[in-house]
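Trainee: need a 3D model of the following:
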Amino acid sequence: MSENVTPYKDSDLGKKEQVTKMFDTISGKYDGLNRVISFGIDVKWRKKVVNIVGKNKPETILDIATGTGDLAINLTRTGAKKITGLDISPGMLEVGKRKVAEKKLEGTIEMVLGDSENLPFDNNTFDAITVAFGVRNFENLEKGLAEILRVLKPGGCFVILETSVPTKTPYKQGYNLYTKYILPLIGKLFSRDRSAYTYLSESASVFPHGEKLNNILTKIGFINVKHHPQTLGVATIYVASK
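Mentor: Predicted structure coming up:
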């Protein structure tokens, strides 16, 4: 299980409330931050997720921790009739709603305020569920994954895109230097909230990845669990079904 890293170490708020506050604070600059810290490669990773989901020809998709809606918007290429983007941060959702409106996708994409660990949906609702850079923000990882399993239809596809830590030399050392020294400097350029960017790197470093997360998914009840490291292992795509 992952350690309970939080954005604001001196706060009396729980992790869930702290994460909400953090993303509300950086919501206006989040898309730009993603492009910069990943050197734009996050766009390629999302396309891979879309291709994986699209092979299953889903009619209904839930994108959890949808943020500003990047993945939800890309998922329209699967041909799904209904895509629901859910996030706990009102600030991120507002940015996402504007993007959806600009692309005239309101008929396909619905943006919903909600908690990933208490999903406001019936059992067996969605053909596919995705989470991009969100599972490490769950306050209770196993509870959140169990909720996802509950609302996923039997035979449905679950895809996670999440940061991970390279295991091979010299990529591991390079990654550690980048997250410890360079990422905080980039954060300063985007926001005065330095805690947010410290949290992003710290939470990635302690979150279970690879076989460890596979084992948690299997324990929860997912089947056909596989993982695919991306870009020298700095991110990983996990695929599972129900």
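
Trainee: what pairs with Leu86 across the strands?
Mentor: Ile64, Val112 (DSSP bridges).

Trainee: from Ile64, how far out is it?
Mentor: Distance, Leu86 to Ile64, using CB to CB, to the nearest Å: 5 Å. The C-beta positions use only the backbone N, C-alpha and C, and glycine is treated the same way.

Trainee: looking at the two now, which is surrounded by more residues?
Mentor: The neighbour count for Leu86 versus Ile64, taken as other CB atoms under 10 Å, is higher for Ile64 (27 against 24).

Trainee: touching, that one and Ile83? I think so.
Mentor: No. Contact criterion CB atoms under 8 Å: Ile64 and Ile83 do not qualify, at 11.8 Å.

Trainee: need the next SSE after the longest strand along the chain, C-terminal direction.
Mentor: Longest strand of the chain, by residue count under DSSP state E: strand 152-163. Downstream of strand 152-163, the first helix or strand assigned by DSSP states H and E is helix 171-177.

Trainee: what's in contact with that following helix?
Mentor: With contacts defined as CB atoms under 8 Å, 6 or more residues apart in numbering, helix 171-177 is touched by Val165, Pro166, Leu232, Gly233, Val234.

Trainee: please redo it, this time with the cut-off set to 10 Å
Mentor: If you take CB atoms under 10 Å, 6 or more residues apart in numbering as the criterion, helix 171-177 is touched by 163-167, 170, 183, 201, 204-205, 231-234.

Trainee: could those be laid out in TSV, adding pLDDT, neighbour count and distance to Glu59?
Mentor: What follows is these, written out as TSV (pLDDT from 0 to 100; neighbours: other CB atoms under 10 Å; distance: CB to CB, whole Å):
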residue	pLDDT	neighbour count	distance to Glu59
Thr163	89	23	30
Ser164	90	25	31
Val165	86	18	36
Pro166	86	18	37
Thr167	84	13	38
Pro170	84	9	45
Leu183	74	18	39
Ser201	71	21	38
Ala204	76	21	33
Ser205	77	18	38
Thr231	92	16	31
Leu232	90	13	36
Gly233	91	18	34
Val234	90	21	33
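
Trainee: on that earlier part again, find the residues that touch each one of Ile64 and Ile83.
Mentor: Leu71, Thr130.

Trainee: what sits in contact with each of Leu86 and Ile64?
Mentor: Going by CB under 10 Å, 6+ apart, residues that sit against Leu86 and also against Ile64 are Gly114, Asp115, Ser116, Leu119, Ile129, Val131, Gly134.

Trainee: out of these, list just those in strands.
Mentor: Using DSSP E, the shared contacts of Leu86 and Ile64 in strands are Ile129, Val131.

Trainee: may I ask which two of the shared contacts of Leu86 and Ile64 are separated the most?
Mentor: Within those, Asp115 and Ile129 form the most distant pair, 14.9 Å apart (CB to CB).

Trainee: could you pull out the strands for the protein?
Mentor: With DSSP E as the criterion, the chain has strands spanning 60-64, 82-87, 109-113, 126-132, 152-163, 223-230, 235-241.

Trainee: among those strands, which is nearest Leu189?
Mentor: Among the strands of the chain, if distance is taken as CB to CB, the winner is strand 152-163, at 19.9 Å.

Trainee: direction included, what does the closest one pair up with?
Mentor: Assessed with DSSP bridges, strand 152-163 is paired to strand 126-132 (parallel), strand 235-241 (antiparallel).

Trainee: tell me which of the ones you listed is the most buried.
Mentor: strand 126-132 (a mean of 26; mean count of other CB atoms under 10 Å).

Trainee: report the angle between that strand and strand 60-64.
Mentor: Angle, strand 126-132 to strand 60-64, by axes from the mean of the first three to the mean of the last three CA atoms, to 10 degrees: 20 degrees.
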